[in-house]
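S.K.: Predicted model and sequence below, questions to follow.
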There are 2 protein chains.
Amino acid sequence: MAPALRFELTARDPGCAARCGLMSLPHGEVETPAFLPVGTQGAVKGVTPEQIVATGSPMVLANTYHLTLRPGEDVIAAAGGLNRFMGWERPILTDSGGFQVFSLANLARVDDHGVTFRSHVDGAEVRLSPERSVEIQNALGADVIMAFDECAPHPAPRADVERAVERTRRWAERSLAAHRREHDQAVFAIVQGGVHDDLRERSARGLVALGFPGYAIGGVSVGETPQEMRRAVRVVEPLLPVDKPRYLMGVGDPRDLVDMVILGVDFFDCVMPTRNARNAFLFTSDGIVRIRNHRYERDFGPLDGVCDCYTCGNFSRGYLRHLYHRGEMLGPILGTIHNLRFLQRLTADLRDAIRAGRALEFQREFRRRALFGDPRSDGDDRDGFPRAGAD
Amino acid sequence: MAPALRFELTARDPGCAARCGLMSLPHGEVETPAFLPVGTQGAVKGVTPEQIVATGSPMVLANTYHLTLRPGEDVIAAAGGLNRFMGWERPILTDSGGFQVFSLANLARVDDHGVTFRSHVDGAEVRLSPERSVEIQNALGADVIMAFDECAPHPAPRADVERAVERTRRWAERSLAAHRREHDQAVFAIVQGGVHDDLRERSARGLVALGFPGYAIGGVSVGETPQEMRRAVRVVEPLLPVDKPRYLMGVGDPRDLVDMVILGVDFFDCVMPTRNARNAFLFTSDGIVRIRNHRYERDFGPLDGVCDCYTCGNFSRGYLRHLYHRGEMLGPILGTIHNLRFLQRLTADLRDAIRAGRALEFQREFRRRALFGDPRSDGDDRDGFPRAGAD
């Protein structure tokens, strides 16, 4: 039986850990490095599948936790699976629900068996376990599914992180055993361990020993510093099999994305481009544009002169500012199209740079421009934007 | 100098007043009968120009009152005019601001000179007069602009309606005199007169004597019964020049639209399709679908099996229901695309019926199905939806 996922390395940069790959999945191929827009509830907020495809996005993420609560995986299975339900023909990844349970739900009880919590929608008591998470994800039918994990908060006592690492390994093993669709769904394990090098290492080794077709690095973008995130990736990366895809969860800040590709990460998801767009924060090659600013009132040039997206090709900064100020839905729509295209162009440029063996040069140039920091503070400030979570 | 508007009758139905026409304007041609989506603030809520074009919409309406308040006609003129500002290449019509002043603003004072009111945005005192309305509309640069009118409320004492009729005629004359872009903007007059046959007649005769390139029937969809609206159109229509386009303002209920085409109306605008879409009320060939209804949870067929729009081609009723229930922007977006396409298909079907000389048959069939009434009440109930105004 052919595996659900094939991964082929197509280029490696001699100067760093950056690599290009081709991930073949039941619903299509994904060139890596890649960025996945987030469609929490089975829809990327504000854009149609046609518009998502036009941004060059090869794959999207949807959230198991949200979809099992509403409309329920049974409804989606009856519709013929998540691809058909969403009208999205390309690959999908579903997360395990673990992160949302620990961050969104009213957590009632965690034990080795699983998690009992109250739904953030209606307060109903719900249980998730490795078996149940995989059962839901099997019903949803995404190309890549995630083993159920425990993500310790940040900061947390070391003992808590250690317990989460052990539990995540046991739950990963149970997730594998519960999986019923090996032929068309690939299950990834999630490396935990917080900011503790030895726990990150223990988590990675334990999961790699179980033999997954791909690995995620979780528990990042939860409030740690960019330096701590970088360190976690640097510790884990050499322990992951070189011929398997590596997925860094919840990262979408353009600078982080470039840095993490250099460290050997293959793909990413994040709400940042879509959520920032709804908040009128737009990525451009000249840095962040806060499009509500008065200075754009009579700026009739494109949002980003080098961007080839629908928004930049047809509308001015002045018009976008007007839309956001008037609360017109079209503002967030056009902003979302642009922010997604920005990240897709960034990953495409990274792939080109890696193939040309000049990824580090690309990173230096990108950092030199230092465009994505908050000008009011140091370069690592994220302007208070959530860096992870559901959209 | 070629006029801004040319209108050619291309077909007349022998059994009624219905007719097909071709309206040629600086930004393109409009086949009539036609329906214009409303883009109050320079954007049709929830859809991109590309998506509006895909619904077959030949022309849109924008509101002078809203645009002069924000962002100001000077900003739009500096951008190169409303078409360029909105990224909309087809014709545009701007209303005069009269209706909004009387319905939205905090009206301070009306006299023969004009109207003083307080902006609904920030309370600032603003004046509109025929000269000022035309000056704003000249700056916006739409293909069709409207003479400044006084729209009496409904119901109103007969004396008030009579005064509004007289004032509207004087203001129409001043609007004509103030117009500075005859070469690329056509100005239409607005017939008032409420539910009084003789006042409607007096208004129509007075305005026709002034020689406008087109005429609107205003003061409908303001709370009168459908019978009263029909009567107003029936009284006015024979008085309007046969070779000029007739525009019925604020009508978008599918039944009204069919009935009014039979009475000789050429085009319409209304917020109904877009506003209804945002409220999860969708037009289909089987009648109104209240898509939030539980019955659609596992209905995986298209919203309307005979519709060729993007929504019906790619998504199910069950998915749409899920989107509306979860508050996803994509629900209103897909609903708006569909509702607009529904009305564009309806006007296209009407054009075919008129060309075939079977418009009355089409009307009978459409009424027989009686699909657009509220099933809980008589066929004329509009379900509490606003039938006019800005979107």
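M.R.: Yes, it's here.
S.K.: so which strand or helix has residue A:219?
M.R.: Assessed by DSSP states H and E, residue A:219 sits outside every helix and strand.
S.K.: I meant to write residue A:188 there.
M.R.: Per DSSP H and E: strand A:186-191 holds residue A:188.
S.K.: Would you mind listing the buried residues in the helix or strand that that strand is followed by?
M.R.: Next along the chain after strand A:186-191, taking DSSP H and E as the criterion, comes helix A:197-208. Residues of helix A:197-208 classed as buried: A:199-204, A:206-208 (neighbour count, 16 or more other CB atoms under 10 Å in any protein chain shown). C-beta: built from backbone N, CA, C; applies to glycine.
S.K.: Quick one: mean pLDDT over stretch A:151-158.
M.R.: If you average the pLDDT over stretch A:151-158, you get 92.
S.K.: list the buried ones in that stretch?
M.R.: Buried, per 16+ other CB under 10 Å, within stretch A:151-158: A:151-152, A:156.
S.K.: Please apply the same query to stretch A:324-334.
M.R.: Of all the residues in stretch A:324-334, those buried under the rule 16+ other CB under 10 Å are A:324-326, A:328-334.
S.K.: and the stretch 151-300 of chain A, which of its residues are near chain B?
M.R.: A:297-298, A:300 (CB under 8 Å from any CB of the partner chain).
S.K.: Then the stretch 1-150 of chain A?
M.R.: A:41-50, A:70-71, A:75, A:78-80, A:85-87.
S.K.: Residue A:29: neighbour count?
M.R.: Applying other CB atoms under 10 Å in any protein chain shown, we find 14 residues neighbouring residue A:29.
S.K.: For the nearest residue to residue A:173 once chain neighbours are set aside, which three-state class applies?
M.R.: Distance criterion CB to CB, 6 or more residues apart in numbering or on different chains; nearest residue to residue A:173, sequence neighbours excluded, is residue A:210 at 5.8 Å. With DSSP: H, G, I helix; E, B strand; the rest coil as the basis, residue A:210 sits in coil.
S.K.: Let me know how buried residue A:59 is, in neighbour terms.
M.R.: 25.
S.K.: for the one 10 residues further on, same thing?
M.R.: Here the count is done by other CB under 10 Å, and residue A:69 has 21 residues near it.
S.K.: go on, the one 5 residues further on?
M.R.: By the measure other CB under 10 Å, the count of residues near residue A:74 is 12.
S.K.: list the buried ones in the particular helix or strand that has it in it?
M.R.: According to DSSP H and E, residue A:74 maps onto helix A:73-78. Buried residues in helix A:73-78, counting neighbours by 16+ other CB under 10 Å, are found at A:73, A:75-78.
S.K.: Farthest pair within those?
M.R.: The largest separation in the buried residues of helix A:73-78, counting by CB to CB, is between A:73 and A:78 at 9.5 Å.
S.K.: residues in contact with the helix or strand that residue A:235 is a member of?
M.R.: If you go by DSSP H and E, residue A:235 is part of helix A:226-236. With CB atoms under 8 Å, 6 or more residues apart in numbering or on different chains as the contact definition, helix A:226-236 has outside contacts at A:191, A:193-195, A:197, A:200-201, A:203-204, A:217, A:219-221, A:224, A:248, A:251, A:255-256, A:259-260, A:263-265, A:380.
S.K.: Sort out which of these are buried, if you could.
M.R.: Going by neighbour count (16+ other CB under 10 Å), the contacts of helix A:226-236 have A:191, A:193-195, A:200-201, A:203-204, A:217, A:219-221, A:224, A:248, A:251, A:255-256, A:259-260, A:263-265 buried.
S.K.: what would the buried residues of helix A:73-78 look like in CSV with distance to residue A:167 and pLDDT?
M.R.: Listed next are the buried residues of helix A:73-78 as CSV, based on distance: CB to CB, whole Å; pLDDT from 0 to 100:
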residue, distance to residue A:167, pLDDT
A:73, 24, 98
A:75, 31, 98
A:76, 28, 98
A:77, 28, 98
A:78, 33, 98
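S.K.: Across the sheet, point out what pairs with the closest residue to residue A:218 other than its chain neighbours.
M.R.: Closest residue in space to residue A:218, ignoring its immediate chain neighbours: residue A:190 at 4.0 Å, by CB to CB, 6+ apart. For residue A:190, the beta-bridge partners are residue A:216 (DSSP bridges).
S.K.: Residue A:190 against residue A:150, yeah?
M.R.: No: counting by CB atoms under 8 Å, residue A:190 stays clear of residue A:150, with 9.4 Å between them.
S.K.: So in chain A, which helix runs the longest?
M.R.: helix A:330-355 (DSSP state H).
S.K.: on that earlier part again, nearest to chain B among the buried residues of stretch A:151-158?
M.R.: Among the buried residues of stretch A:151-158, residue A:151 lies closest to chain B (CB to the nearest CB), at 24.0 Å.
S.K.: which residues does the closest one contact?
M.R.: If you count contacts by CB under 8 Å, 6+ apart, then residue A:151 has A:98-99, A:102-103, A:164, A:190, A:192, A:218-219, A:222 around it.
S.K.: for residue A:256, same thing?
M.R.: A:226, A:229.
S.K.: quick one: it is in a strand?
M.R.: No: assessed with three-state DSSP, residue A:256 is helix; it does not lie in a strand.
S.K.: gap between it and chain B?
M.R.: According to CB to the nearest CB, to the nearest Å, residue A:256 stands 27 Å off from chain B.
S.K.: and the closest residue to residue A:338 other than its chain neighbours, what are its phi and psi?
M.R.: Nearest non-adjacent residue to residue A:338, counting by CB to CB, 6+ apart: residue A:311, 4.2 Å away. Reported as degrees, to the nearest 10, the phi and psi values for residue A:311 are phi -60, psi -50.
S.K.: quick check: domain ranges of chain A?
M.R.: Per automatic domain parsing, the domain ranges recorded for chain A read A:6-271, A:277-365.
S.K.: what distance separates the strand holding residue A:188 from the centre of its chain?
M.R.: In terms of CA atoms, centre = their mean, to the nearest Å, the centre of strand A:186-191 is set 14 Å apart from its chain centre.
S.K.: Can you list the neighbours in contact with it?
M.R.: Contacts of strand A:186-191 (CB under 8 Å, 6+ apart): A:3-5, A:25, A:96, A:98, A:134, A:143-147, A:149, A:151, A:168, A:172, A:175-176, A:179, A:200, A:203-204, A:207, A:210, A:212-219, A:236, A:240, A:245, A:247, A:249.
S.K.: which of the residues you listed count as buried?
M.R.: Judged by 16+ other CB under 10 Å, buried ones among the contacts of strand A:186-191: A:4-5, A:25, A:96, A:98, A:134, A:143-147, A:149, A:151, A:168, A:172, A:175-176, A:179, A:200, A:203-204, A:207, A:212-219, A:236, A:240, A:245, A:247, A:249.
S.K.: ok, residue A:126 - contacts?
M.R.: Here residue A:126 is in contact with A:68-69, A:105, A:116-119 (criterion: CB under 8 Å, 6+ apart).
S.K.: Lowest pLDDT pick from these?
M.R.: Among the contacts of residue A:126, residue A:105 carries the weakest pLDDT, at 74.
S.K.: Let me see the contact set for that residue.
M.R.: Residue A:105 touches A:65, A:117-120, A:126, counting by CB under 8 Å, 6+ apart.
S.K.: Helices - which of these land there?
M.R.: Checking the contacts of residue A:105 against DSSP H, those in helices are residue A:65.
S.K.: Which ones among the contacts of residue A:105 lie within strands?
M.R.: A:117-118, A:126 (DSSP state E).
S.K.: Residue A:130 is in contact with residue A:174, correct?
M.R.: Yes: using CB under 8 Å, residue A:174 is in contact with residue A:130, at 3.9 Å.
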